[in-house]
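J.: Fold the stuff below for me.
(chains A and B)
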Amino acid sequence: MNADAATTPMVLAQAVHKSFGRLEVLKGVSLEVAPSQVLCLLGPSGSGKSTFLRCVNHLEKIDAGRLYVDGELVGYRQVGDKLHELRDGEVARKRSQIGMVFQRFNLFPHMTAIENVAEAPQLVRGVSRAEARSAASALLARVGLTDKERAYPAQLSGGQQQRVAIARALAMRPKLMLFDEPTSALDPELVGEVLDVMRRLAAEGMTMIVVSHEIGFAREVADAAAFMDDGVIVETGVPREVFADPQHERTRAFLSKVL
Amino acid sequence: MRRPGRWIATAVLLFVLVAVAESVATNPRFEWGTVGDYFFSARILHGLVLTLELTVIAMAIGIVLGVVLAVMRLSPNPLVSATSWVYIWFFRGTPVLVQILFWSFIAALYPQISLGIPFGGPVFVHGDANALITPFAAAILALGLNEAAYMAEIVRAGIISVDEGQTEAASALGMTRLQTMRRIVLPQAMRVIVPPTGNETISMLKTSSLVSVVAIAELLYAAELIYAVNFKQIPLLLTISIWYLIFTTVLSIGQYYIERHFGRGTARAQPPTPLQRLRRSLAIRHAQVPPDPGPRP
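T.: Here you go, the predicted structure:
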């Protein structure tokens, strides 16, 4: 299934549709993210960016189209012409290879920072407690939180919580990281510390899809920017060019508000 | 005088309290001496042990089965969810006293009881219902199965109270539904589950006295048996009331510490326990004593 790694895109979406009841949120989204590429997904709220991101790790089921991660169908197995939904355990195993960072952090409040990071490797991968702890400790050091290992989430600032959340996702050694508006819930002065961590991650070659309104980050770090509106991708391109010279009317209208 | 209302209320209450205390202390029919005689008597203590056994076992059944029922109730499978709903509907909808009597008469319904694989499979236990389901077993079954229905609703409320983002984060990390429930959702739900469970336990301690109707010599029936002979109803009822009060107090203290344990991570710092506060205030008082004029190490 895995063809030549150089040619297999990390994420491949083909005409992805998704509705909630009668509301069609994704109306045929197609895009491609190559390994080690950073894609920034922009667009007004309600345009379907977050929903698309959640489809990529099967937190939402898609209604039509095809979605592949690293050459494998997301959430389904194709037998002949038919798609069979994967079992809970199989979906879980695939999700464990995709890291996700949420707008509201979603740290486990009853666990300390180091326990948050060390939990999933022990539970899902069966890593020993000592090994998971030392790996978690190294990850927290990487996001600059060595002195906060034993703090509970409620004792941390928003920026610190989000950095713990990133370390928690990295603990599963994901091949793809999804960021769902990671800085939207932060005070302005705390945004920088989270973006710094993401910038370093991108530099280390992590494949990332980032839903964000941080135009500066997109321009500097992203390899590609996709602009979404009303359930479709309106425009894709190199960030610098998209921002300097948007081709589409709706992109222009959006950028004039956020730039 | 400022705040005359407060002074008047205090005076009235003090008067009432003194009057009640005087009456309790001086009315010879309370027979406090008899209370003392029976407080540690073998039959009362035996009844106390039975009451505690009933409470602990019935609550254990109630909690375990309640968690199972709550998880079933939230299952996406409609048959599983409906089964749980019907169970709760039945056991919450009939009086527990009726259920106790029902289980004690189970032999009238099923004279023979077999435990095994039905429709021709092997049988593990087989016997006369009266021999298998003793009055004690009937009481345990009635109290435990009834409690499970209430615990199921308490646990379900706890599970629902946990933010959906927690389940999502756990799923995104690759945890299965059961792993998420066990490691992420239930520990957080405990904060909501523990206080009403404490109430249920205290309630169970007292509800267990209902099984006196099927002649189990728990605390109440033990007292009844004694005063049926010596007619000292009031002192014996006082004796067991004091025992009930002692154990409900112990349970309340236990509940306080369990709540603290599951509250960790929610407040920035936990407030000190009453014991810690006492120790701290003693330490401060010591510190306020003028320093010793002599040489100090």
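
J.: hey, let's count contacts and neighbours off CA atoms from now on
T.: Will do.

J.: Quick one: residues contacting residue 124.
T.: Here I'm looking at chain A. A:93, A:96, B:174, B:175 (C-alpha atoms under 8 Å, 6 or more residues apart in numbering or on different chains).

J.: that's the wrong chain, I meant chain B
T.: Contacts of residue B:124 by C-alpha under 8 Å, 6+ apart are B:114, B:115, B:116.

J.: thinking the last one is in contact with residue B:127, fair?
T.: Right, the one you point to is residue B:116. No - applying C-alpha atoms under 8 Å, one finds residue B:116 not in contact with residue B:127, separated by 11.9 Å.

J.: Look through chain B and tell me its longest helix.
T.: helix B:42-73 (DSSP state H).

J.: Return the residues of chain A in contact with chain B.
T.: Residues of chain A lying close to chain B by C-alpha under 8 Å from any C-alpha of the partner chain are A:57, A:59, A:88-89, A:91-100, A:102, A:106-112, A:120, A:123-124, A:152-155, A:169, A:172.

J.: Among the residues you listed, which ones are in helices?
T.: A:88, A:89, A:91, A:92, A:93, A:94, A:95, A:120, A:123, A:124, A:169.

J.: show me what contacts the fourth one?
T.: The contact partners of residue A:92, by C-alpha under 8 Å, 6+ apart, come to B:171, B:172, B:173, B:174, B:175, B:176.

J.: Put the buried members of the residues of chain A next to chain B into a ChimeraX selection.
T.: Buried residues among the residues of chain A next to chain B (16 or more other C-alpha atoms under 10 Å in any protein chain shown), as a ChimeraX selection:
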select /A:57,59,91,92,93,94,95,96,97,98,99,100,102,106,107,108,109,110,111,112,120,123,124,152,153,154,155,169,172
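
J.: Let's have the ones in helices among the residues of chain A next to chain B in CSV, adding pLDDT.
T.: Output for these, formatted as CSV (pLDDT from 0 to 100):
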residue, pLDDT
A:88, 85
A:89, 87
A:91, 91
A:92, 91
A:93, 91
A:94, 91
A:95, 93
A:120, 96
A:123, 94
A:124, 94
A:169, 97
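
J.: quick one on the thing from earlier: which of the contacts of residue A:124 lies closest to residue B:151?
T.: Residue B:151 lies nearest to residue B:175 out of these, by C-alpha to C-alpha, at 26.2 Å.

J.: what's stretch A:112-122 in contact with?
T.: Contacts for stretch A:112-122 (C-alpha under 8 Å, 6+ apart): A:107-108, A:127-129, A:132-133, A:135-137, A:140, A:148-153, A:164-165, A:167-169, A:171-172, B:173-175, B:265.

J.: er, stretch B:234-244 actually
T.: B:30-32, B:34-36, B:38-39, B:44, B:48, B:205-206, B:219-220, B:223, B:226-227.

J.: Just the buried subset of the residues you listed, please.
T.: B:30-32, B:35, B:38-39, B:44, B:48, B:205-206, B:219-220, B:223, B:226-227.

J.: Among the residues you listed, which ones are in helices?
T.: For the buried ones among the contacts of stretch B:234-244, secondary structure assignment (DSSP H) places B:32, B:35, B:38-39, B:44, B:48, B:205-206, B:219-220, B:223, B:226-227 in helices.

J.: Closest to residue B:58 out of the residues you listed?
T.: For those, the nearest to residue B:58 is residue B:205 (9.7 Å; C-alpha to C-alpha).

J.: Pull out the buried positions in the helix or strand where residue A:194 lies.
T.: Using DSSP states H and E, the secondary-structure element containing residue A:194 is helix A:188-203. Buried residues in helix A:188-203, counted by 16+ other C-alpha under 10 Å: A:190, A:191, A:193, A:194, A:195, A:197, A:198, A:199, A:201, A:202.

J.: Any chance of JSON lines for these, columns pLDDT?
T.: Putting these into JSON lines (pLDDT from 0 to 100) gives the following:
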{"residue": "A:190", "pLDDT": "91"}
{"residue": "A:191", "pLDDT": "92"}
{"residue": "A:193", "pLDDT": "93"}
{"residue": "A:194", "pLDDT": "94"}
{"residue": "A:195", "pLDDT": "94"}
{"residue": "A:197", "pLDDT": "94"}
{"residue": "A:198", "pLDDT": "95"}
{"residue": "A:199", "pLDDT": "94"}
{"residue": "A:201", "pLDDT": "95"}
{"residue": "A:202", "pLDDT": "95"}
